[in-house]
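Undergrad: Kindly return the folded structure for what I paste below:
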Amino acid sequence: MEKLKNLWDNKLWFKILVIVVILALSYWFGIIAILLGMILFIYAIVTVIRKYILKKNTRFKARYILLSFLALTIMGGYGYAQTHPEEMEQSRIRQQDAKAKKAEDAKKAAEAKKAADAKKAEDAKNAAEAKKAAKAKKAEDAKNAAEAKKAAKAKKAEDAKNAAEAKKAAKAKKAEDAKNAAEAKKAAKAKKAEDAKNAAEAKKAAEESNFYSAMTSAAQTVNNNLGSTAIDSIDKGSIYPVLDVQLNIIFASYTNMEIKSLVQTLNESLVQIAINNGQTHPQIKYYISGVSIGENRSILNPSEVKFNSNLK
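TA: Next up is the predicted model:
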C-alpha cells in the first residue's frame, strides 16, 4: 500500500493509468459507476457541511469529490447507454406507445362528446317543435270554439271577449312579474359572482403577503442556523412568487465552487421554508453586491440552483 501511495504522489503516468482504468470500468459497469457517483455526491455534501458549517478538518477536498462524481455519473450513463442499446430502444418504444395510446384515447373522448352534444341538440330541437305544434293545435281549437260560441250567442261572445282581455292582461302582468324576477335573479347572481371574485382576490393578496412576510423572516432563521450572516435580506421580486436574495459581501471572497456549494445549501433551506408556507415552486434569485449569480429551477426542481456566467 505504501508503494502504491508513493507511485501516486510521485509518478504522473501512474495517476493517468489509474484514471483511465476507473473510466474504463465506469464505461463497462455503468450502473455501479452511477451508484458510486451518487455516494460521492452525498459524501461531498457531508464534507462541505463538516468543513464550512461544523468547522472540522476533512480528508478530501469537496471539489475533487464533486469532479469524481461528475466523471463517474457521466461515463457510467454513457457506458450503460452504449452497452445496453436494446433496453434503451425498448424504453423509447414504450414511451412512444404510451404517447400514441393517450392521443387515441383523447380522440375517442372528443368524438364521444361531439356525438353526445349533437344528440342533445337534436332532442332539444324535437322538443321545441313538439311544443310549438301542441301550442298551434291548442290555439286552433280555441279559435274554433270561440267562433262556434260567437255564432251561438252574441252576448256570450262579448262576455268571452271581455274575459279574454282580462286573461290577457293577467298573462301580461304575470309575464312582466316573471321578467322582473328573472332580472332580479340575474342581478343577484352577478353580485354573488363579483363578491366571490373579490374574496378570491383578497385571499390571493393575503397569501402573497403572508408568503413574502414568512420568506423575509426566513433570512434571520437561516443565518441563526448557520451561525453567521449569510443572507443580508430576502426581498419581494418582480412578480409573485419571485424572491430576490441579497447574499452577504463575504461571499465575494470565496471561490466559485465554494459559492455554488453554499448557495445550493441555502437554496434547499429556503425552498423547504417556502413549501412550508404553501408555495411549492418559488422562484429564488441570488445576488452578491447587486450582481446576479443565478436562480433556482423553480419549475422542474426548485431545490437546484442554475448559476449564470458570472460564476463560470
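Undergrad: Can you name the next helix or strand after the longest helix seen in the chain?
TA: Longest helix in the chain, counting residues (DSSP state H): helix 154-226. Downstream of helix 154-226, the next assigned helix or strand under DSSP states H and E is strand 231-236.
Undergrad: Give the partner strands of that next one in its sheet and their orientations.
TA: Pairing partners of strand 231-236, with direction, according to DSSP bridges: strand 242-247 (antiparallel).
Undergrad: Show me what the following helix or strand past the strand it pairs with is packed against.
TA: The C-terminal neighbour of strand 242-247 among helices and strands, as given by DSSP H and E, is helix 256-276. Using 3 or more Cβ pairs under 8 Å, 6 or more residues apart in numbering; DSSP states H and E, the elements in contact with helix 256-276 are helix 30-48, helix 62-83, helix 154-226, strand 242-247, strand 283-288, strand 291-297, strand 301-307. In this view, the C-beta of every residue, glycine as well, is placed from N, C-alpha and C.
Undergrad: which stretch in those is the model least sure about?
TA: Of all those, helix 62-83 carries the lowest average pLDDT, namely a mean of 69.
Undergrad: coming back round to it: ok and the longest helix of the chain relative to strand 283-288, angle-wise?
TA: 30 degrees (axes from the mean of the first three to the mean of the last three Cα atoms, to 10 degrees).
Undergrad: Helix 154-226 vs helix 256-276, what angle?
TA: Using the same axes, to 10 degrees: helix 154-226 against helix 256-276 is 140 degrees.
Undergrad: Distance from helix 154-226 to the middle of the chain?
TA: Distance, stretch centre to chain centre, for helix 154-226: 31 Å (Cα atoms, centre = their mean, to the nearest Å).
Undergrad: didn't L40 look like it was pressed against S68?
TA: Yes: using Cβ atoms under 8 Å, L40 is in contact with S68, at 5.2 Å.
Undergrad: In terms of secondary structure, what does the longest helix of the chain contact?
TA: Going by 3+ Cβ pairs under 8 Å, 6+ apart, helix 154-226 lies up against helix 85-152, strand 231-236, strand 242-247, helix 256-276.
Undergrad: As CSV, could you dump the C-alpha coordinates of the second one?
TA: This means strand 231-236. Output of strand 231-236 as CSV, limited to C-alpha atoms (Å, rounded to 0.1, in the frame of the first residue of the first chain):
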residue,chain,number,x,y,z
ILE,A,231,-28.1,36.5,3.8
ASP,A,232,-28.4,40.2,4.1
SER,A,233,-32.1,40.3,3.0
ILE,A,234,-34.8,38.5,1.1
ASP,A,235,-36.8,41.0,-0.9
LYS,A,236,-40.1,40.7,-2.9
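Undergrad: Give me the angle between the longest helix of the chain and helix 85-152.
TA: Going by the same axes, to 10 degrees, helix 154-226 makes 160 degrees with helix 85-152.
Undergrad: Isn't K56 up against I49?
TA: No: the pair K56 / I49 is not scored as a contact, 9.2 Å apart, by Cβ under 8 Å.
Undergrad: quick one, which of these two is more surrounded?
TA: Legend: neighbour count by other Cβ atoms under 10 Å for K56 and I49, higher for I49 (15 against 10).
Undergrad: From V48, how far off is the nearest residue to the more buried one once chain neighbours are set aside?
TA: Once flanking residues are discounted, I49 sits nearest to T265: 7.7 Å by Cβ to Cβ, 6 or more residues apart in numbering. Look at T265 and V48: by Cβ to Cβ, to the nearest Å, they are 7 Å apart.
Undergrad: returning to what we had before: would you enumerate the residues in contact with the residue nearest to I49?
TA: 45, 48-49 (Cβ atoms under 8 Å, 6 or more residues apart in numbering).
Undergrad: Right, I'll leave it there.
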